[in-house]
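Novice: got a structure for you, letters missing:
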């Protein structure tokens, strides 16, 4: 159904449902309890809630995980969650984004999955749960609004932004999403793919995980918003790690996705990519350790996409400004670009667009596209950075001092830039980009320069949590404004001979906003990359958001690389029993 923008007073607010939703038990239960709550929910001298919204997410999924040729886990599940948002106050100052939950204040709590809800289409059972959670949310809203008002009395906060913007209601009722999958065939494929790591003795840990998921989101509020939004996705991710003789752990991932299992690459193609990963890890265990380095670095291909995701995407969304006694704590996690609106943050030849409405790249689907955000607002294409100047942020319904309205990028209670397109006005052919890299190296009297082809992905934490946490915390504790994960596939390039050599152990040094302006050049090889994780992950209902980053290769004029840590884990004392038995 094509969605409609409606006036503020709609049929929904007076108890009627739009066409397509009238026979939906979930919609009826949500509507009926919402109308009752808005009209009659009141305690003592306090006002009725001015805003009530309900979100129900239904997830149907099939998951299978295997390692070393054996199935670890299979799961087929149907679940529902309910999220209730009840607010005291008004649009200028309400009860949201305060209290004592720092995640909620940063926009990470508002988009969570909520609490479990019955999966039967039973009107009475659904409404019973909605009633209880609405009652609890209203009582908490009264406390939170009082706490925010007390903070304003006790603190000197200049020109606090409004709590929520007023937006035109959108009605969009689409079909419920369902999965269709051959479970036996898929399980056998995952088992076979996981078994190929038996051919690589240097790989210590490995995991192959497959997930097919169909999610349907019901959303209603007392302003007249009424959405039923389906989303289907299917992905396979492989993670593996190895250990060098020095004890350093190296890990890598491969990730493929489609809307349905039929859209995934063939098993033969996936196997080729997994073997490539296993061979990279094997080579890394034997590669030399990198020396201290300061100079130009070229981020090629997927590494450029991760570079954009970590340095830009994470900081191009707007989060609620905390208003509580914990403001001092949350201010330490402030977006470094928050006060740079209207300032130059990138070179003049670079612009950045977020376009959630673009749903195809040629004949290939863009899985992260959407037309309605988590707030029920119509998505918009926006220019975030225009010729180097930061023009706006991805916004949900929480205003900032400078930006008063949503632009349809709400995830949870924050704004998230999830579909970034980096546009360069001065692209260089790949060979010319390398020539520029070498030229910069010679200007700095360097014998070698660096090329990064892959950066660490957060999914590696599933098998090496300690190593990944160490990398992440190293950046935070070092006081960096920006954060980049460690390079996984890093090469030195001899400026005289052009010879490439794989190296390991690198960690990026202290990173400031200057890094973005130090982008020297970009390639002509713009490609769409689908990345797993990103800023939406903490705010999404299932914690596993995907992002689309379209970018060319990126040359940075100066970056610092630190030597590997002197403290590493001891390798296993005994050899893997499987490989020991193969040599007898």
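Specialist: All right, it came through fine. Because the structure is predicted, anything quoted here is derived from the model rather than measured.
Novice: top helix in this structure by residue count?
Specialist: As assigned by DSSP state H, the longest helix anywhere in the chain is helix 123-154.
Novice: What is the subsequent helix or strand relative to that one?
Specialist: strand 170-173 (DSSP states H and E).
Novice: what's that following strand packed up against?
Specialist: On a contact count with 3 or more C-beta pairs under 8 Å, 6 or more residues apart in numbering; DSSP states H and E, strand 170-173 meets strand 4-5, strand 226-243. Just so you know, the C-beta spots here come from the backbone N, C-alpha and C atoms, and that holds for glycine as well.
Novice: how about 6 Å then?
Specialist: Packing contacts for strand 170-173, counted by 3 or more C-beta pairs under 6 Å, 6 or more residues apart in numbering; DSSP states H and E, involve strand 226-243.
Novice: buried residues in the strand it packs on?
Specialist: For strand 226-243, the neighbour count (16 or more other C-beta atoms under 10 Å) marks 226-229, 231-243 as buried.
Novice: Please work out how many residues are found near the nearest residue to residue 231 once chain neighbours are set aside.
Specialist: Spatial nearest neighbour of residue 231, excluding adjacent residues (C-beta to C-beta, 6 or more residues apart in numbering): residue 215 at 4.8 Å. By other C-beta atoms under 10 Å, 18 other residues sit near residue 215.
Novice: average pLDDT for the host helix or strand of residue 215?
Specialist: Here residue 215, judged by DSSP H and E, is contained in strand 203-221. Mean pLDDT, strand 203-221: 96.
Novice: which other helices and strands contact that strand?
Specialist: strand 51-67, helix 183-195, strand 226-243.
Novice: tell me the mean pLDDT for the last one?
Specialist: Throughout strand 226-243, pLDDT has a mean value of 95.
Novice: ok, it: who's next to it in the sheet?
Specialist: With DSSP bridges as the test, strand 226-243 is paired with strand 170-173 (parallel), strand 203-221 (antiparallel), strand 249-258 (antiparallel).
Novice: picking that back up, want to throw the helices and strands packed on strand 203-221 into CSV with distance to residue 443?
Specialist: Formatted as CSV, the helices and strands packed on strand 203-221 follow (distance: least, C-beta to C-beta, whole Å):
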stretch, distance to residue 443
strand 51-67, 48
helix 183-195, 46
strand 226-243, 37
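Novice: Quick check: which of these is nearest to residue 374?
Specialist: strand 51-67 (7.7 Å; C-beta to C-beta).
Novice: Ok, which of the helices and strands packed on strand 203-221 comes nearest residue 339?
Specialist: From those, taking C-beta to C-beta, the stretch that ends up closest is strand 51-67, at 29.2 Å.
Novice: Just the buried residues of the helix or strand following that closest one, please?
Specialist: Later in the chain than strand 51-67, the nearest helix or strand by DSSP H and E is strand 70-87. Residues of strand 70-87 classed as buried under the neighbour-count rule (16+ other C-beta under 10 Å) are 80-87.
Novice: cool, stretch 291-305 as well?
Specialist: Applying a neighbour-count criterion of 16+ other C-beta under 10 Å, one finds 293, 295-305 buried in stretch 291-305.
Novice: Output the lowest mean pLDDT helix or strand found in this protein.
Specialist: In the chain, the helix or strand scored least confidently by mean pLDDT, DSSP states H and E is helix 102-105, which has a mean of 48.
Novice: starting at the chain centroid, how far to the next helix or strand after that one?
Specialist: Sequence-wise, the next helix or strand downstream of helix 102-105 (DSSP H and E) is strand 115-117. Mean-position distance between strand 115-117 and its chain equals 23 Å (C-alpha atoms, centre = their mean, to the nearest Å).
Novice: try stretch 519-531
Specialist: With C-alpha atoms, centre = their mean, you get 19 Å for stretch 519-531.
Novice: Averaged pLDDT, that stretch. What do you get?
Specialist: Mean predicted confidence for stretch 519-531 is 96.
Novice: Give the buried residues for that stretch.
Specialist: Buried residues in stretch 519-531, counted by 16+ other C-beta under 10 Å: 519-523, 525-526, 528-531.
Novice: One more: stretch 389-397?
Specialist: 389-390, 392-397.
Novice: Closest one to residue 513 out of the residues you listed, please.
Specialist: residue 390 (10.6 Å).
Novice: what's across from that closest one in the sheet?
Specialist: Under the criterion used (DSSP bridges), residue 390 bridges to residue 385.
Novice: Just the buried residues of stretch 291-305: which are in strands?
Specialist: Among the buried residues of stretch 291-305, the members falling in strands (DSSP state E) are 293, 295-299.
Novice: what sits up against stretch 78-98?
Specialist: 49-60, 105, 113-114, 117, 119, 133-134, 137-138, 141-142, 144-145, 147-148, 162-164, 320, 323-324 (C-beta atoms under 6 Å, 6 or more residues apart in numbering).
Novice: Please, a PyMOL command that selects the buried ones among the residues you listed?
Specialist: In PyMOL, this line selects whichever of those come out buried by 16+ other C-beta under 10 Å:
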select buried, resi 49+50+51+52+53+54+55+56+57+58+59+60+105+113+114+117+133+134+137+138+141+142+144+145+147+148+162+163+164+320+323+324
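Novice: What does residue 282 show for phi and psi?
Specialist: The phi/psi pair for residue 282 (degrees, to the nearest 10) reads phi -60, psi -40.
Novice: make that residue 362, sorry
Specialist: Dihedral angles for residue 362 - degrees, to the nearest 10 - are phi 70, psi -120.
Novice: How about the one 10 residues further on?
Specialist: Phi and psi for residue 372, reported as degrees, to the nearest 10, are phi -140, psi 130.
Novice: so what pLDDT did it get?
Specialist: 96.
Novice: count of residues packed around it?
Specialist: By the criterion of other C-beta under 10 Å, residue 372 has 22 neighbours.
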